[in-house]
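Undergrad: Below are the sequence and a predicted model; questions follow.
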Amino acid sequence: MMRLKPKQYFIELLNKLYDGSITKKELEKLSYFFHNNQELKSWPEHFGSKTEIEERIFSRLQSDIHKESSKEIRVIPLYKKAIFKYSVAASVVFLISLTYFFNRNNSTPSIVSPTIVEENIKPGTDKATLTLEDGSVIELDKSQMYQNKNVRSNGSQIVYETNDEATNEIVYNYLTIPRGGEYHIILSDGTQVWLNSESQLKYPVSFIEGEVRQVELVYGEAYFDVSSNIDHNGTKFIVNNQSQKIEVLGTEFNIKANKNEMNIYTTLVEGEVIINAIGSKQKLLPNQQSNLDIENKNVTIADVDVIPEISWKNGLFIFRNKSLKEIMRVIERWYDVDIVFVNKDLESVKFRGVIKKQVSIEEILTIMKSSSINSYDINNRTIILK
């Protein structure tokens, strides 16, 4: 079955929303699609205005959240306020107008309205380094366009066009994302990859017809939307990464294999993948996550809520009972800073909440200071927590 064009898929999801048959997963996709595809200027008139569609999406989101009593968002006492609909939406994919955090000993979230703070430490942005097959290096960012042969970049994504000429030789490029960066790449077979801060992907400029399609996540975090094997004569897609190999038939999943961390997490959003690691193969189903412990050489699989795991690609960081140490690793990569804990007891304090990725670093620290951190200092690009 051929993949629908974006507008066709968008309209199909709208039809399902209106007839009540839309699934939770489809609703999440519609939410993100609705707010992040500005090129969709119009749709059939019977759907109503943009405001009417937005209200219907919010209504369905609220209904679904209320039905799921186990969802953590229910304990946040905001549901009687107008902002609730944005909080609910943020638990899926929307950007919210407030940033909030609260720790495990405090049931009331600390709330700070975003403001722009002039400082040297800025949130991350679209930027990457492209290394070509001849070793030459191209800097990619929003300030410039790039085009060469079958590859082009508009500053926020890089696209490899399908090569009509048959090739028998694999030629590799590297896309490296620094700390404080992120980037989107579309491979020559149509596979899309979103790369998080401090990540590197090795991939062919074009794939050989009829052979297994292989890429390597050298390190870091990436979200894959793999072009179906049906569109490529049944050829599999394989992602190699350190101590594991992931066999894919056409699906969406997230891999987190950050530098200096001893666990590799693979989270399946839809489809099916096979994790080949530590001498064994294990099948992963949607809403499951594999945890490869490199040090202890074992793989475990658990059911998870995928939304917090993939929120980074949709403009949010969602933390569910994460330690401050874990959260600060994310902050370090996105804001390109180093964080030092003077008070080691802070490392284990648990937080949950949502951060819009474009808020200032001082807003995040102010929120945390109101609940757990006694004080902090910023010295150049080093943040000292006390």
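TA: Sure thing, it's come through.
Undergrad: And the protein, what are its domain boundaries?
TA: What automatic domain parsing lists as the domains of the chain is 6-112, 125-304, 322-385.
Undergrad: how about those in JSON lines, adding mean neighbour count and distance to Ile310?
TA: Just so you know, the C-beta spots here come from the backbone N, C-alpha and C atoms, and that holds for glycine as well. Below are these laid out as JSON lines (neighbours: other CB atoms under 10 Å; distance: least, CB to CB, whole Å):
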{"stretch": "domain 6-112", "mean neighbour count": "15", "distance to Ile310": "9"}
{"stretch": "domain 125-304", "mean neighbour count": "17", "distance to Ile310": "5"}
{"stretch": "domain 322-385", "mean neighbour count": "17", "distance to Ile310": "13"}
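Undergrad: Redo these as TSV? Include distance to Leu316 and mean pLDDT.
TA: Formatted as TSV, the domains of the chain follow (distance: least, CB to CB, whole Å; pLDDT from 0 to 100):
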stretch	distance to Leu316	mean pLDDT
domain 6-112	6	56
domain 125-304	13	91
domain 322-385	6	87
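Undergrad: Tell me how far the residue nearest in space to the middle of the chain lies from Gln289.
TA: Nearest to the mean C-alpha position of the chain, by CA atoms, centre = their mean, lies Lys313 at 2.8 Å. Per CB to CB, to the nearest Å, Lys313 is found 16 Å from Gln289.
Undergrad: For the helix or strand encompassing Tyr174, name the packing helices and strands.
TA: Counting by DSSP states H and E, the element that carries Tyr174 is strand 172-177. On a contact count with 3 or more CB pairs under 8 Å, 6 or more residues apart in numbering; DSSP states H and E, strand 172-177 meets strand 125-131, strand 181-186, strand 199-204.
Undergrad: CA-only coordinates of the last one in PDB, if you can.
TA: Extracted as PDB, the C-alpha positions of strand 199-204 are listed here (Å, rounded to 0.1, in the frame of the first residue of the first chain):
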ATOM      1  CA  SER A 199      24.200  12.800  17.700                       C
ATOM      2  CA  GLN A 200      25.800  11.400  14.600                       C
ATOM      3  CA  LEU A 201      24.300   9.400  11.700                       C
ATOM      4  CA  LYS A 202      26.300   7.500   9.100                       C
ATOM      5  CA  TYR A 203      24.200   6.700   6.000                       C
ATOM      6  CA  PRO A 204      24.500   6.000   2.200                       C
END
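Undergrad: So what's the gap between it and the chain middle?
TA: Its chain's C-alpha centre and that of strand 199-204 lie 17 Å apart, by CA atoms, centre = their mean, to the nearest Å.
Undergrad: Adjacent strands (with direction) for that strand?
TA: strand 172-177 (antiparallel), strand 213-225 (antiparallel) (DSSP bridges).
Undergrad: For the stretch 201-350 of the chain, which segments are assigned as strands?
TA: Taking DSSP state E, counting those that start in this stretch as the test, the strands found in the stretch 201-350 of the chain are 213-225, 237-241, 244-248, 252-257, 263-270, 273-277, 280-284, 288-293, 298-303, 316-323, 338-341, 350-356.
Undergrad: The first one to strand 237-241, inter-axis angle?
TA: Spelled out, that is strand 213-225. Orientation check (axes from the mean of the first three to the mean of the last three CA atoms, to 10 degrees): strand 213-225 against strand 237-241 gives 90 degrees.
Undergrad: what inclination does strand 213-225 have with respect to strand 252-257?
TA: Using the same axes, to 10 degrees: strand 213-225 against strand 252-257 is 100 degrees.
Undergrad: Using CSV, write down the CA coordinates of strand 213-225.
TA: C-alpha atoms of strand 213-225 as CSV (Å, rounded to 0.1, in the frame of the first residue of the first chain):
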residue,chain,number,x,y,z
ARG,A,213,19.3,-0.7,3.4
GLN,A,214,21.6,0.0,6.3
VAL,A,215,22.5,3.1,8.4
GLU,A,216,24.4,3.6,11.6
LEU,A,217,23.5,5.7,14.6
VAL,A,218,27.1,6.2,15.7
TYR,A,219,25.9,7.9,18.9
GLY,A,220,23.2,10.1,20.3
GLU,A,221,19.4,10.0,19.9
ALA,A,222,17.3,9.6,16.7
TYR,A,223,13.7,9.2,15.7
PHE,A,224,13.2,7.0,12.6
ASP,A,225,10.2,7.0,10.3
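Undergrad: tilt between it and strand 244-248?
TA: Using the same axes, to 10 degrees: strand 213-225 against strand 244-248 is 80 degrees.
Undergrad: chain center to strand 213-225, what's the gap?
TA: On CA atoms, centre = their mean, the centre of strand 213-225 falls 13 Å from the chain's centre.
Undergrad: again with the fourth one
TA: Distance, stretch centre to chain centre, for strand 252-257: 9 Å (CA atoms, centre = their mean).
Undergrad: ditto for the shortest one
TA: Computed by CA atoms, centre = their mean, the chain-centroid distance of strand 338-341 equals 24 Å.
Undergrad: Run through who's touching it.
TA: Strand 338-341 is contacted from outside by 325, 328, 331-332, 347, 381-385, using CB atoms under 8 Å, 6 or more residues apart in numbering.
Undergrad: Direction included, what does that strand pair up with?
TA: strand 382-385 (parallel).
Undergrad: Can you identify each of the helices in the stretch 51-200 of the chain by residue range?
TA: In the stretch 51-200 of the chain, the helices defined using DSSP state H, counting those that start in this stretch lie at 84-90.
Undergrad: can you pull out the strands in it?
TA: 99-103, 110-112, 125-131, 137-141, 146-148, 151-153, 157-160, 172-177, 181-186, 192-195, 199-204.
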